[in-house]
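[1] Pasting a predicted model and its sequence here:
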Amino acid sequence: MKTKRNIFITVLFLLTLMLSACGGGSSGSDEIIMDEPVPAGAEDAMVVELEFTVDEIIPNTVTIPAGQKVLFVIYNSDTKEGDLNEDHNLVAPDIGLQEMIVIPGQTIRRLWTAYDVPGEYRAGCTIHSWIDMTIIIE
Ligand SMILES: [Cu+2]
């Protein structure tokens, strides 16, 4: 009887752990994956490689066809002594690009279906408002 109770408590504990692990972040079900291999479904995506340095995004402009499936590969090289060594994120609310956080030294890979209205849009880091780039949808 005591063993059953212990199993029950263990299961309850594991459930609590799982729930708290999923509860973090404000972006809902859009899980941020760190250093993950290429996500499923990315085989036919256009790869857009970006790098956050201490004060800029390289390259500063990218051109993406409207509605294109995109695999962002974003590296945070802001790891040098004397630099900020801070998290950076890429956000573009005008075109539905939700926050992608990259911590120093890491690379994230995220799939995104590009906005379907052509134009020039600003994407930037909300932690450092002076760090931004242009996404041209054409
Ligand atoms: Cu930043």
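    Structure received. Owing to the predicted nature of the structure, the values given are computational and were not obtained by experimental measurement.
[2] got the residues of the protein near the ion?
    Neighbours of the ion within the chain, by Cβ under 5 Å from the ion: 88, 125, 127-128, 131. For the C-beta atoms, the positions are set from N, CA and C on the backbone; glycine is no exception.
[3] Which among those residues count as buried?
    88, 125, 128, 131 (16 or more other Cβ atoms under 10 Å).
[4] Name all residues that make contact with Ile74.
    49-52, 90, 100, 102, 107-110 (Cβ atoms under 8 Å, 6 or more residues apart in numbering).
[5] ok, 7 Å please
    Residues in contact with Ile74, defined by Cβ atoms under 7 Å, 6 or more residues apart in numbering, are 50, 52, 90, 100, 102, 107-108.
[6] Filter those residues down to just the ones in strands.
    Judged by DSSP state E, strands contain the following of the contacts of Ile74: 50, 52, 90, 100, 102, 107-108.
[7] Save the residues you listed as CSV, and put in neighbour count and distance to Asp116 too.
    Output for those, formatted as CSV (neighbours: other Cβ atoms under 10 Å; distance: Cβ to Cβ, whole Å):
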residue, neighbour count, distance to Asp116
Leu50, 22, 21
Phe52, 25, 27
Leu90, 25, 19
Met100, 22, 20
Val102, 26, 26
Thr107, 16, 28
Ile108, 21, 24
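[8] Just the closest of these to Gly82, please.
    Comparing these against Gly82 with Cβ to Cβ places Phe52 closest, at 16.3 Å.
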